[in-house]
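1. Attaching a predicted model along with its sequence, questions to come.
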Amino acid sequence: MDIKRLIPAVLTVLSLVACTKGTTVYRNELPPIYPDYIGVTIPVGIAPMNFNLTGDFDKVFVEVSGKDGKVFSCKGKYARFNLRKWRKAVSDAAGDTLIFTVLGKKDGLWTQFHDFPMYVSPYPLEDYGVTYRKFAPGYETYSKIGIYQRNIHNFRESPIIEGNLVPGQCVGCHTANATSPDQFLFHVRGAHGSTMMQLEGKDKWLNTKTDSTISNAVYSYWHPSGDFVAHSNNLKISQMFWTGHNGRYIEVFDNASDVIIHNVRTDEYILSPLLRTEDFETYPAFSPDGKTLYYCSAPKTDVPARVEDVHYNLCAISFDAESQAIGDKADTLINAFDAKKSVTFPRPSYDGKWILYSYADFGNFPINHNESDLWMMDLSDGSTRPLFNANSEYDESFHNWSSNSHWILFSSRRDDGLYSQIFFTSIDEEGNATKPFVLPQRNPLKYYHSTLFTFNVPDFTRKKVKFNASRAFKETFSDKRTQIKVK
Amino acid sequence: MGKWLKPIFTLLFGAAVWLFWWLVFPQALGFKEQNQLFLFTTDFLLERLSVPGGFAEWLSDFITQFNHIIWLGALLNGIIFAVIQVLVWQIAGKIGKGRYDVWYPLSFILPTAVLCLLGDMYVTMGFVMAILLSLVLSRIYLSRKSTAFAMAAIPVAFWLIGPATCIFVFIYMISGKGKALRRIIAGLALSAAALVLFHYVLAVQYPWRQLLLGINYYQIPLRQPASLYIVMTLAVAIPAFVAALPGLTRCRTVCLIAQSAVILFSGLSLLHKSYDRDIYEILAYDQLVRNERWEELVSRAEKYQPRSDIGCVSVNLALFMTGRMAEMPDFYQVGTRGLLMPRVRDCISNISTGEAFWRLGFVNEALRYAFDTQESIPDLKKSPRAMMRMAECRIVNGQYKVASKYIDILKHSLFYRKWAEEHEKFLYNDELVDADPVYHYLRIVRSEEDYLFHYPEMDKMLAKLCVQNKNNIMAAWYYQAWAALMKAENGYKETDTGGAHGS
């Protein structure tokens, strides 16, 4: 017998005996842990995947073993792993498996469950972390709101901007250029509304409404060159509320919408009649080569009376950055209207292979649609399919790609049906998703169960976002804006 | 002044404040209580401590929760105001070379001014606690006059109490040991350094102006009235003034009586002006609705009814609950808005309409109004009253996981723990929910048809409820009342609202 394997095995037995002095019963089932990390695939470098053992256990003992049998363990009220040991174990297990042995103590009696695996992806996740907005999910009013960033390699969260700084205003839709914080923007809504755009460390506060466009900029996406941003203009985004009791509460819809392109160097809009039709055009996104603009379009419909008949197709139009010209022909890539479905929030992978999107029964706000799932389009052949492993009975939405296009994150309400959490899943060369895992927290059950915040519009960020928030109040309330013109 | 007269004056003052809150304006305490949720958790404490002035706010929330039992909350308030008065007197005695008992009534000016200030319902108890803590700090400092203590306490107090620390800083400047100029420079420099540290180094995400004026003294950000700072000035000026006043050799009793009379009458007059009758009448209705004291509400409205939409909604709801809805025309009416209000973004307007929606069977709307009410609390706190209703709505709708979140949060409070534990049994147990008379009824009468709620078409939506369940008496009454009020609004012309549901 290989001595290298024997030593860890002996150590395992010894530590189990040491930890579980007294009677131990074996339960022939997987441990009831929160969050569900059983069989998930994780990247090297991820923060410790701490978890709680539910079911009134007073204590939990967890032992983690890797392929070479190296073992480390933790014991306490919940499984809280040592950061250094965790990193080493995960790093050593890249492309392989970690095995978790879990025992719970209740009334002096230890119960051992089936071991479960966590798979360590061969694809790294090199990005610094994630950005997201937090607020209480519900209806029309928000109180505490803010855009935050979280280092995914540990548990550190820091604010980028909080609503306290701009009282009475709403901050949202932090949008970076392909995960790079060198170029990002966010919108401030309210009486002193504007769009804050930071380019290579310098910020400018924009008035994005012009006489020729129907509204301020809403949903934005950067051109890979960093010289342009595509915005949607959504006129009177309305919220209405369902009266029934089948799990749906809110419906968000536009009364009109267009797509425009913003030259951020000259602060001019580039308009095309094909993107400003009577139909509802929204959710623009550039291809990674910058030559194609994807967007969603639905035939104009009488809303709210026929809100359930609003179905968005996925469309594409060419864009030439050099001449700043939008093509003269729009193509429909996915005809969801005919299928009585709705495609929204297209997010092309940065390697140009896939487009990830939300697929719901109708409308353009999938976060409020339990049936909304993530689907993927293979750009090599145009085929589409759902991301089976990633989807749940609740909504999946607000997704995006890591900088190396091997990881996606998305928000989902699968935990309780209301409070969105951020999930990560790995995408392999064939476009298959692994079982997703929720953003790790130091004490996940306590954190997620007690928080009254939802995680909204998450995205990866390659580096830590640097933003001088102390200027935000003055800039916002000065109402001094750079006015965008139409080319 | 006799040995016992001063404590008697203080006791009488404290008792007066107690009775004022308990018997005259209990609704003010109830309103403050329902707009904060004190939790006995470390996270709650740390969250409060993460902003300047947070400790004063945490302490105020701790005390405010006792307003749940009005007499107890009022008693605590009485004690706080009496302590403020005593501190003012004690500080006056330590600032200079001594003070004379004949000026004792002047020490009541500050707590009386604070009492008047609280007539503005957005002034927080955090402000009161900040003043109290700053006075306590001043008192401690004056007992030892340690410069080291002052140097250490100023920046720490700026974090724990907020800018009310200025009271302590000024008292230090005018009464410390050593050269006055040195103390002034030290006090100002330390205060400025603390604020600069908070703003630029710790990057506290609040506007500079709010940091200077106090984050948690007034519920509406950046709208702090000047009166707050006048009161803070009084907290320094009165002890200093009393300390500077000379003793009297004659007419001491007359002087004592004259001071007391002036302070009493001007205090009462200011109190009368500070507490807007209509606003506090509406808050009184709100508390009566909360406690389902319908008869009392109607009889109160019979005596006086404010001209407001919210008041009408409460009165009309109470009329229905007492079986007197036919008497609606005998009460002031503002039209359909007085029956069920459209959503308004504040923390008071929607509550009565939410209560009506709940009883009508518009469960999702009751949830929405409760949620929006909670999220409209200007200083971003949570509301136990709204959270309980949100939990109930989720229970009725079978969304037990979300309900359990709210219930578990409420279990960390003092006064809602029992409610939370009692309602925990409903989670994931449809049979128990169906066995509960209220929840069972709501599951029967709640809107079956799933359509988009559209306020302008309230008549149609009420009609749908009636048609769906003939036993929904409230929907029938409200439908008729709505139709009658709509007719009155439109000059008895038939109308057709059209809209989301068509005609």
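-> That came through, no problem. Residues are numbered from 1 along each chain as shown, chains lettered A, B, ... in the order given.
2. Look at residue A:60 and give its secondary structure.
-> Here residue A:60 takes the strand state, with states given by DSSP: H, G, I helix; E, B strand; the rest coil.
3. what about the closest residue to it other than its chain neighbours, distance to chain B?
-> Leaving out its chain neighbours, the residue that sits closest to residue A:60 by C-beta to C-beta, 6 or more residues apart in numbering or on different chains is residue A:53, at 4.2 Å. Every residue, glycine included, has its C-beta placed from N, CA and C. Separation of residue A:53 from chain B (C-beta to the nearest C-beta, to the nearest Å): 17 Å.
4. what residues are up against residue A:53?
-> Each residue near residue A:53 by C-beta atoms under 8 Å, 6 or more residues apart in numbering or on different chains is listed here: A:31, A:32, A:33, A:60, A:78, A:79, A:102, A:104.
5. Serialize those residues to TSV and add fields for pLDDT.
-> Below are the contacts of residue A:53 laid out as TSV (pLDDT from 0 to 100):
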residue	pLDDT
A:31	97
A:32	97
A:33	97
A:60	97
A:78	97
A:79	97
A:102	97
A:104	97
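6. Now intersect those with the strands, please.
-> Judged by DSSP state E, strands contain the following of the contacts of residue A:53: A:33, A:60, A:102, A:104.
7. Now that we have those residues, can you turn them into CSV and tack on neighbour count?
-> Formatted as CSV, those follow (neighbours: other C-beta atoms under 10 Å in any protein chain shown):
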residue, neighbour count
A:33, 25
A:60, 22
A:102, 24
A:104, 23
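8. Which pair in these has the greatest spatial separation?
-> Pairwise distances across the ones in strands among the contacts of residue A:53 peak at 9.6 Å for A:33 and A:104 (criterion: C-beta to C-beta).
9. re earlier: please identify which of the contacts of residue A:53 is nearest to residue B:450.
-> The closest of those, once distances to residue B:450 are taken by C-beta to C-beta, is residue A:32, at 34.4 Å.
10. right, and that closest one touches residue A:54 too?
-> Yes. At 4.7 Å, residue A:32 and residue A:54 qualify as touching, with contact defined as C-beta atoms under 8 Å.
11. So for the two, which sits in the more crowded spot?
-> residue A:32 (16 against 13; other C-beta atoms under 10 Å in any protein chain shown).
12. show me what contacts the more buried one?
-> So residue A:32 contacts A:53, A:54, A:55 (C-beta under 8 Å, 6+ apart).
13. need the residues of the stretch 51-200 of chain A near chain B, please.
-> Selection of the stretch 51-200 of chain A residues close to chain B by C-beta under 8 Å from any C-beta of the partner chain yields A:136, A:138-144, A:146, A:159, A:161-162, A:164-165, A:167-168.
14. Filter those down to the buried ones and express that as a ChimeraX selection.
-> This is how ChimeraX selects the buried members of those, with burial counted by 16 or more other C-beta atoms under 10 Å in any protein chain shown:
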select /A:136,138,139,141,142,143,144,146,159,161,162,164,165,167
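15. can I assume residue B:326 sits in a helix?
-> Yes. Applying three-state DSSP, one finds residue B:326 inside a helix.
16. tally of neighbours for it?
-> Using other C-beta under 10 Å, residue B:326 has 11 other residues around it.
17. measure it to residue B:361 for me?
-> Using C-beta to C-beta, to the nearest Å, we find residue B:326 at a distance of 22 Å from residue B:361.
18. Mind jotting down where the strands sit in the stretch 301-450 of chain A?
-> Taking DSSP state E, counting those that start in this stretch, the strands of the stretch 301-450 of chain A run over residues A:313-320, A:325-334, A:342-348, A:354-360, A:373-378, A:384-386, A:396-401, A:407-412, A:421-426, A:437-438.
19. which neighbours does the fourth one have in its sheet, and in what orientation?
-> In other words, strand A:354-360. Using DSSP bridges, the strands paired with strand A:354-360 are strand A:342-348 (antiparallel), strand A:373-378 (antiparallel).
20. swap in the shortest one?
-> Within its sheet, and counting by DSSP bridges, strand A:437-438 is paired with strand A:421-426 (antiparallel).
21. quick one: pLDDT of residue B:492?
-> For residue B:492, the model assigns a pLDDT of 47.
22. circling back: would you turn the contacts of residue A:32 into JSON lines with secondary structure, pLDDT and distance to residue B:71?
-> Shown next, in JSON lines, are the contacts of residue A:32 (DSSP: H, G, I helix; E, B strand; the rest coil; pLDDT from 0 to 100; distance: C-beta to C-beta, whole Å):
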{"residue": "A:53", "secondary structure": "strand", "pLDDT": "97", "distance to residue B:71": "45"}
{"residue": "A:54", "secondary structure": "coil", "pLDDT": "95", "distance to residue B:71": "42"}
{"residue": "A:55", "secondary structure": "coil", "pLDDT": "88", "distance to residue B:71": "43"}
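23. Could I get those in JSON lines, plus columns for distance to residue B:105?
-> Formatted as JSON lines, the contacts of residue A:32 follow (distance: C-beta to C-beta, whole Å):
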{"residue": "A:53", "distance to residue B:105": "65"}
{"residue": "A:54", "distance to residue B:105": "63"}
{"residue": "A:55", "distance to residue B:105": "65"}
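24. Show me what the helix or strand harbouring residue A:476 is in contact with.
-> Taking DSSP states H and E as the definition, residue A:476 sits inside helix A:472-478. Outside of helix A:472-478, the residues that reach it under the criterion C-beta under 8 Å, 6+ apart are A:161, A:165-166, A:169, A:188, A:192, A:194, A:196, A:203, A:205, B:207-209.
25. Show me these that map onto strands.
-> Applying DSSP E to the contacts of helix A:472-478, the entries found in strands are A:161, A:188, A:194, A:196, A:203, A:205.
26. Closest to residue B:431 out of the residues you listed?
-> Distances from residue B:431 to these, taken by C-beta to C-beta, are shortest for residue A:161, at 48.1 Å.
27. Any idea what that closest one is bridged to?
-> Applying DSSP bridges, one finds that residue A:161 bridges with residue A:147.
28. List the residues that contact it.
-> For residue A:161, the contact set (C-beta under 8 Å, 6+ apart) comprises A:146, A:147, A:171, A:186, A:467, A:469, A:472, B:205.
29. which residues sit in contact with the residue nearest to the fifth one when sequence neighbours are not counted?
-> Ranked by C-beta to C-beta, 6+ apart and with sequence neighbours excluded, the top spatial neighbour of residue A:467 is residue A:160, at 5.3 Å. Counting by C-beta under 8 Å, 6+ apart, residue A:160 touches A:131, A:146, A:147, A:148, A:149, A:174, A:186, A:465, A:467, A:469.
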